[in-house]
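Compute the structure for the input listed below.
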Amino acid sequence: MSNLHKSLTLPSNPENVRQVEPLIQDIAHQLNLSREQYDNILLSLTEAVTNAMVHGNQGDSNKRVCISLRHEKNVLSIRVSDEGPGFNPNEIPDPTHPENLEACSGRGIFIMRRLSHECRFTRGGRTVEMRFNLQSSD
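Residues are numbered from 1 along each chain as shown. Now for the predicted structure:
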């Protein structure tokens, strides 16, 4: 299958998160993704973009969120970057611990780590990189 690369830059307005779904629908069609792959990628990317806008760029619509998707050798790599101050992902409390179950935040990173095959933060927490293995089920 041929290599694929797409990118999208959005102002940090929460209404812009809705632009993620058509992007993933297009990718899903081109790569013939299963429903589970589509759902995992869409949810992970939506969480990453929302976190970048709300927490990273702190809702500043003058700041941008950059999304880059690349498909090579049955792996979809997604990178989401913001212009915020960054953070240490290891300092985010585990949302599955009993004392955090009713907290209103902290689930996005947990979801991204669970649904992707690899999730790492770079640039001082200003970029999240996720990888999804898209092995054929033939």
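
Can you give me the buried ones in the helix or strand of the chain with the lowest mean pLDDT?
Within the chain, no helix or strand scores below helix 107-115, which has a mean of 90 by mean pLDDT, DSSP states H and E. Buried positions in helix 107-115, judged by neighbour count with 16 or more other Cβ atoms under 10 Å: 108-112, 115. Where you see a C-beta, it was placed from the backbone N, CA and C, and this is true even at glycine.

now do stretch 122-129
The neighbour-count check on stretch 122-129 (16+ other Cβ under 10 Å) flags 125-129 as buried.

mind checking how far it is from the chain centre?
Chain-centre distance of stretch 122-129: 11 Å, with Cα atoms, centre = their mean, to the nearest Å.

measure it end to end?
8 Å (Cα to Cα, to the nearest Å).

Residues touching that stretch, excluding its own?
For stretch 122-129, the external contacting residues (Cβ atoms under 8 Å, 6 or more residues apart in numbering) are 48, 51-52, 56, 77-89, 112, 118-121.

at 10 Å instead, please
The contact list for stretch 122-129 (Cβ atoms under 10 Å, 6 or more residues apart in numbering) reads 44-45, 47-49, 51-52, 55-57, 66, 68, 77-92, 108-109, 112-113, 116, 118-121.

where does the chain dip in pLDDT?
For the chain, applying pLDDT under 70 flags the ranges 1-2, 93, 95-97, 100-106, 136-138.
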